[in-house]
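Undergrad: Here's my sequence, what's the structure:
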Amino acid sequence: MSKALGLISGGLDSTLAAMTLMRQGIEVTGISFVTPFFGAGKAKIAAEKIGFPLIVREISEIHLQMVKQPKYGYGRNMNPCIDCHAMMFRLAGEIMEKEGFDFLFSGEVLGQRPMSQNANALRSVAKHCDYNDKVLRPLSAKLLPITPMEESGRVDREQLLDIQGRSRKPQQALAVEWGYLDYPSSGGGCLLTESGFSDRLRDLIEHDPQTSVNDVELLKVGRQFRLSDKCKLVLGRNQADNEAMSQFIEVNHTQLRCANHSGPSGLLCGEIGTTDLKLAAAIVASYGKGKDETEVEILCIRGSDQKSLQVAPLAREESLKLLL
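TA: A predicted model of the protein is given here:
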């Protein structure tokens, strides 16, 4: 029996790819990678529903380095899809060799995404991943050159599919035919495809090329204000934001909060100058209950040090100019 290791996102395409192989008796295992931009939650659900084992690997550090300088560039936003797919195939290929799998597969569909899933892009992914002769795309295989796995008889090409294009109707019809009805809607799987998050990430990398995974995680929290080339303020929008923010506090961060009024917490990141601190304090004051006061006391906490500033709340229209 052939053994296949597949890139599983938990979306309809990757799950159908796994089912396509399982229906011809191939032993399927999935692998799902975790980064600050996407997780394995949907993949775990799909693996449990369909009934195949799932390997989960955390790759945040190496993935972030790739995102900063992708060989094949970005899509519409900060999504380096060709480089990302190649990296995942390469990492999966290393596991394939160690664990004795025969080949790799994914749910990629020819022509579904004009830039990252056209014929040239699929070839680039396979070539760039170092396992060119071990990559199979079951959903579009009949439209692509025959692979060694098909030539050798490990996979029956006649039982593979010929889906192409951007329409989801063929996959949806197949899901109904195969009784896989409860699947997640398409999209929303990767933050790098979202314009708002991409704007924040682009700003972060431009101002701090050495940005860390922790810095990227912080992009998901609250409002973000660019105060200067080296300094940024993160401001909670609610209690959940304030609690989430506390998980990412580092020794070079300064926490800000109103001393005598309720309001959001702020986290000042980067190289903090006196002007940056006063501006951040004024923004924090403007989003608290004391926003209409002439002056508000703001507590500034850095490690074990604490001091207070008396500031006038910044006019909302001025703070919005700094909002990312």
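Undergrad: What residues of the lengthiest helix in the chain count as buried?
TA: Counting residues, the longest helix found in the chain (DSSP state H) is helix 81-99. The neighbour-count check on helix 81-99 (16 or more other C-beta atoms under 10 Å) flags 81-89, 91-93, 95-96 as buried. C-beta: built from backbone N, CA, C; applies to glycine.
Undergrad: continuing past the lowest-mean-pLDDT helix or strand in the chain, what's the next helix or strand?
TA: Taking mean pLDDT, DSSP states H and E as the measure, the chain has helix 119-128 as its least confident helix or strand, at a mean of 82. In the C-terminal direction, the helix or strand that comes right after helix 119-128 (DSSP states H and E) is strand 135-136.
Undergrad: and the spatially most central residue of the chain, what element?
TA: Closest to where the C-alpha atoms of the chain average out (C-alpha atoms, centre = their mean) is Phe37, at 1.6 Å. Here Phe37, judged by DSSP H and E, is contained in no helix and no strand.
Undergrad: wait, it sits on Leu192?
TA: Yes: using C-beta atoms under 8 Å, Phe37 is in contact with Leu192, at 5.0 Å.
Undergrad: about what we covered before: next up, the contacts around the residue nearest to the centre of the chain.
TA: Taking C-beta atoms under 8 Å, 6 or more residues apart in numbering, we find Phe37 in contact with 63, 67, 190-192, 216.
Undergrad: just to revisit the earlier point, helices or strands next to the longest helix of the chain in the packing?
TA: Under the contact definition 3 or more C-beta pairs under 8 Å, 6 or more residues apart in numbering; DSSP states H and E, helix 81-99 sits against strand 3-7, strand 27-34, strand 54-58, helix 60-68, strand 103-105, helix 119-128.
Undergrad: rerun at 7 Å
TA: Judged by 3 or more C-beta pairs under 7 Å, 6 or more residues apart in numbering; DSSP states H and E, the packing partners of helix 81-99 are strand 3-7, strand 27-34, helix 60-68, strand 103-105, helix 119-128.
Undergrad: Does Phe197 touch Leu191 like I think?
TA: Yes: shown here, Phe197 and Leu191 form a contact pair, counting by C-beta atoms under 7 Å, at 4.5 Å.
Undergrad: who's more crowded, these two?
TA: Comparing Phe197 with Leu191 by neighbour count (other C-beta atoms under 10 Å), the higher total belongs to Leu191, at 21 against 18.
Undergrad: Any idea how many residues pack against Ser9?
TA: By the criterion of other C-beta under 10 Å, Ser9 has 23 neighbours.
Undergrad: before we move on, the earlier item: now do the longest helix of the chain against strand 54-58, angle only.
TA: Going by axes from the mean of the first three to the mean of the last three C-alpha atoms, to 10 degrees, helix 81-99 is angled at 120 degrees with respect to strand 54-58.
Undergrad: ok, and what's touching helix 81-99?
TA: 5, 7, 31, 33, 55, 57, 59, 63, 66, 70-72, 75, 104, 116, 121, 124-125, 128-131, 134-135 (C-beta atoms under 7 Å, 6 or more residues apart in numbering).
Undergrad: roughly how far out does it sit from the chain middle?
TA: Offset of helix 81-99 from its chain centre (C-alpha atoms, centre = their mean, to the nearest Å): 17 Å.
Undergrad: Same question for stretch 242-250.
TA: Stretch 242-250 sits 20 Å away from the centroid of its parent chain (C-alpha atoms, centre = their mean).
Undergrad: tell me how far the ends of that stretch are from each other?
TA: Counting by C-alpha to C-alpha, to the nearest Å, you get 15 Å between the two ends of stretch 242-250.
Undergrad: buried set for that stretch?
TA: Neighbour-count burial for stretch 242-250, counted by 16+ other C-beta under 10 Å, picks out 242, 244-245, 248-249.
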